[in-house]
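Colleague: sequence isn't available, so here's the structure alone:
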C-alpha cells in the first residue's frame with residue numbers, strides 16, 4: 001500500500017472534522033505530501049524519509065504550521 005492510499009483511507013475514517021479543516025488538510029496533502037511521498041510504499045518509511053520530506057518542505061518555504 002502506498003502512502004497516498006493509506007492517507008486517503010485514514011482520512012475517510014476521520015470523524016468530526018469541520019469543512020474548512022477537511023478542505024485545508026486535503027489541499028495540503030495534494031500540494032505537498034502526495035507529490036513528494038504519495039507513491040512510496042508504507043513499509044519503506046523510516047526517519048530518513050520523514051526528515052528528507054521536511055527538508056524539501058523547508059527549502060520550498062513551506063511554513064512550520066503547514067508542516068504539522
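Modeller: Alright, I've got the coordinates. These numbers were taken from a predicted model, which means no experiment stands behind them.

Colleague: point out where the protein drops to low pLDDT.
Modeller: Flagging of the chain using pLDDT under 70 yields the residue ranges 64-68.

Colleague: mind checking what secondary structure the residue nearest the centre of the chain has?
Modeller: Residue closest to the mean C-alpha point of the chain, counted by C-alpha atoms, centre = their mean, is residue 33 at 3.8 Å. The three-state label given to residue 33 by DSSP: H, G, I helix; E, B strand; the rest coil is helix.

Colleague: in this structure it contacts residue 7, no?
Modeller: Yes. Between residue 33 and residue 7 there is a contact at 7.0 Å, judged by C-beta atoms under 8 Å. Any C-beta I mention is one placed from the backbone N, CA and C, and that applies to glycine too.

Colleague: now do the longest helix seen in the chain: distance to the chain's middle.
Modeller: The residue-count maximum for a helix in the chain (DSSP state H) belongs to helix 47-59. In terms of C-alpha atoms, centre = their mean, to the nearest Å, the centre of helix 47-59 is set 12 Å apart from its chain centre.
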